[in-house]
Every structure is written in C-alpha cells, then in structure tokens.
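Participant: Sequence and predicted structure are below.
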Amino acid sequence: MPYIIDGKAISKQIKDELRDEVEKLTEAGINACLAVIQVGNDPASTVYVNNKKKACAYVGINSRSYELPEDTSEQTLLDLVQKLNEDPEVNGILVQLPLPKQIDEDKVIRTISPDKDVDGFHPVSVGRLWIGEKGFLSCTPAGVIQLLKRSGIEIEGKECVIIGRSNIVGKPMAALLLRENATVTVAHSKTKDLKSIAKRADILIVAIGKAKFITKDYKEVANRADILIVAIGKERFITSEYIKEGAVVIDVGMHRDEQNHLCGDVDCEDVSSVVSAITPVPGGVGPMTIAMLMNNCVETIRGREERA
C-alpha cells in the first residue's frame, strides 16, 4: 500500500501553529476578523463557506458571514465590499466564487482592498507573489507546496513543468516553485512540442483547463515524472498507465461520481499498486487550501505587535 499524504493531519498541524500565534496576538490586544460573502445558495459553495467559518473558529479568528440572494446586483455586492474595505475591524475579505452571471467576478476581485485580499486573487497580491514580497499566497497552490515540504519531499533543484497558465493554479504554482528554488517551465495549449518539454520534468503539474486537451496519448509524458500533480477536472481520468513506478501523486481534483461519492482526477484504487505516496480525495488538498486561507488571515495581523 502507498503512503497516504494526509492533508487533514497536515492541515491540523498548520492550524495548530496558527492558533498558537493568534493566541499570543490576542493577548497583545490584536485580533483578526474575516468577512465571508456568499451570493446565492449553491450547495458546494455553502459547504466551502461553512468549512472556512469552522476553521476560523478553530484558529481563533473572528468571522462575519454575509449571505446574499442569487439575484443580488453587481453594485450591491461592490458596495458591500467597499464598506468592508473601510471597516477597521475587518482584516480579511473573501467573496466565495463562482458568482451569479450578472456579476463580473474580476471587477469584484479588483474592488477588494489588496491588504484584505486573503484569497490572493487581486493583481497587487499576484504581483507581490511574483517579486517575492510578503503577502497573501494563492491558497490551493500554497497548500500543495506545504503537502510536499511537510512530507519530506524535495523541491529544490528539481525541474518542474507546468501544463496550464491559469490564474488559479498554473501561474501561482510557478511563482511558488521558483521560491522553493525549482527550475520552472510553464507550457500551455500553444506550446510547440509540448510532449518533449514535459518529458524533462521531475515534477509535472497538469493543470490545463482546456476541455479534452489532456488525452490518453499523454501517458508517455506523465509516466516519466517523479512527482505528478493533477488538476485537470476529469473524474478518475489518471490511471496506473500514467504513473511512473514509485511516483508521488498529488490529486487536486474534486468530483461527485454517479453514486454521489467524492473522488478526484486520479483513480486512487487503480494507481495504488504503482505510486509510493498519494493524496486522498477527500482529505488531501482540500483541507490544505483552507489551512492556507487561515494563514493568509493571520498574515493580515502579523507584525502589528511591533508596530503598536
């Protein structure tokens, strides 16, 4: 049986560290407060929001919840975000995505103050990430990095190829891997001779959102990587044929199958005889995303003790 990279356990370790940090800051009179806005009642979004509020309570961060109806206008949401920007008691603002079609997500993201942008989506947050400044890290990519590091898996000096340049996974993953002293190549749907480039990878991140781009003829590429990180949005698509013997697999995907069971992009049962270590779904990357969100919330108040 492979080693299970337990995202729940590592997430709890991080949250325990943050709770100790928050306790000391609270004793110094410094508090953190996260405002969470949900528009509509999408069941998956409701689950995510509730998990974030539970994590806040565990770490010791205050949280406020704003639940708006599905037909909320864009201006109403922007007005609420601006009000929270100006509220000195609110340190972090999170608008749960996706938003209803009448609302421009990019406009909402850009309205959130960069100093309260705990999702790390604002262009200022992205810029800080790329130039190596302190700031908010993209939660899912940062969670993947922590899974590897806290499992004793070496990143420094490795050649990494990322297939995909999305703002959610591909680009921030590239920036974070560079911070870990990896050598990074970002490829995409227009890259020439993509398979030859991907074959060089010690760490291969497949995170392309283009429908049907990753097909079964990519087996010869994926099964050369020592570490395979998968975020392709295809239920149980990756089987043992895609995996190098003894590889480490990080499954970022999340789906519900025909029996309403949660599963990932990787067929965990099929690859179990091949991999040396793997993240489960659920219980792998998901809890780490929330742990890194909590880290971003604490980042909003770090250093205030010295400045007070």
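Facilitator: All right, it came through fine.

Participant: The closest residue to Phe237 other than its chain neighbours and Ala44, how far apart?
Facilitator: In space, and not counting its chain neighbours, Phe237 is closest to Asp265: 5.6 Å by C-beta to C-beta, 6 or more residues apart in numbering. Placement of C-beta: from N, CA and C, glycine included. Using C-beta to C-beta, to the nearest Å, one gets 17 Å for the distance from Asp265 to Ala44.

Participant: quick one: which of the two has more around it?
Facilitator: Neighbours were counted for Asp265 and for Ala44 using other C-beta atoms under 10 Å; Asp265 has more, 22 against 11.

Participant: OK, contacts around the more buried one?
Facilitator: Contacts for Asp265 (C-beta atoms under 8 Å, 6 or more residues apart in numbering) come out as 230-238, 251-253, 255.

Participant: do the same with Asp115
Facilitator: Asp115 neighbours (C-beta under 8 Å, 6+ apart): Thr300.

Participant: What of the one 5 residues further on?
Facilitator: Residues near Gly120 by C-beta under 8 Å, 6+ apart: Val126, Leu129, Gly135, Phe136, Leu137, Ser138, Cys139, Pro172, Asn296.

Participant: Now for those, which sits with the most neighbours around it?
Facilitator: Phe136 (28 neighbours).

Participant: Which elements pack onto the helix ranked longest in the chain?
Facilitator: As assigned by DSSP state H, the longest helix anywhere in the chain is helix 7-27. In this structure, helix 7-27 packs against helix 43-59, helix 139-150, helix 285-299, with contacts taken as 3 or more C-beta pairs under 8 Å, 6 or more residues apart in numbering; DSSP states H and E.

Participant: can you pull the pLDDT of the residue nearest to Glu105 when sequence neighbours are not counted?
Facilitator: Closest residue in space to Glu105, ignoring its immediate chain neighbours: Leu99 at 5.2 Å, by C-beta to C-beta, 6+ apart. Note for Leu99: predicted pLDDT of 97.

Participant: pretty sure Leu99 contacts Gln38?
Facilitator: No: with contact defined as C-beta atoms under 8 Å, Leu99 and Gln38 do not form a contacting pair (9.5 Å).

Participant: These two: which is more packed in?
Facilitator: Leu99 (24 against 20).

Participant: residues touching that one, list them.
Facilitator: Leu99 touches Val39, Gly40, Leu77, Glu105, Val108, counting by C-beta under 8 Å, 6+ apart.

Participant: let's see it at 10 Å
Facilitator: 37-40, 42, 45, 68, 70, 72, 74, 77, 105, 107-109 (C-beta atoms under 10 Å, 6 or more residues apart in numbering).

Participant: Point out where the stretch 151-300 of the chain drops to low pLDDT.
Facilitator: Applying pLDDT under 70 to the stretch 151-300 of the chain flags the ranges 209-215.

Participant: Show me where it has its helices.
Facilitator: 170-179, 194-198, 219-222, 268-271, 285-299 (DSSP state H, counting those that start in this stretch).

Participant: ok so, going back, for the next helix-or-strand element following the longest helix of the chain, the distance to its chain's centre please.
Facilitator: Remark: after helix 7-27, the chain's next helix or strand is strand 33-39, criterion DSSP states H and E. Computed by C-alpha atoms, centre = their mean, to the nearest Å, the chain-centroid distance of strand 33-39 equals 18 Å.

Participant: which other helices and strands contact strand 33-39?
Facilitator: helix 43-59, strand 62-68, helix 74-85, strand 92-95, helix 285-299 (3 or more C-beta pairs under 10 Å, 6 or more residues apart in numbering; DSSP states H and E).

Participant: returning to that earlier point: buried only: go through the contacts of Leu99 for me.
Facilitator: The neighbour count (16 or more other C-beta atoms under 10 Å) marks Ile37, Gln38, Val39, Gly40, Asp42, Ser45, Leu68, Thr72, Glu74, Leu77, Val108, Ile109 as buried among the contacts of Leu99.

Participant: Could you export these as a markdown table, including distance to Ser151 and pLDDT?
Facilitator: What follows is these, written out as a markdown table (distance: C-beta to C-beta, whole Å; pLDDT from 0 to 100):
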| residue | distance to Ser151 | pLDDT |
| --- | --- | --- |
| Ile37 | 34 | 98 |
| Gln38 | 33 | 97 |
| Val39 | 37 | 98 |
| Gly40 | 37 | 96 |
| Asp42 | 32 | 89 |
| Ser45 | 30 | 90 |
| Leu68 | 39 | 98 |
| Thr72 | 42 | 98 |
| Glu74 | 42 | 98 |
| Leu77 | 39 | 98 |
| Val108 | 35 | 98 |
| Ile109 | 32 | 98 |
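
Participant: Which of those residues sits closest to Phe121?
Facilitator: Among the buried ones among the contacts of Leu99, Ile109 lies closest to Phe121 (C-beta to C-beta), at 4.7 Å.
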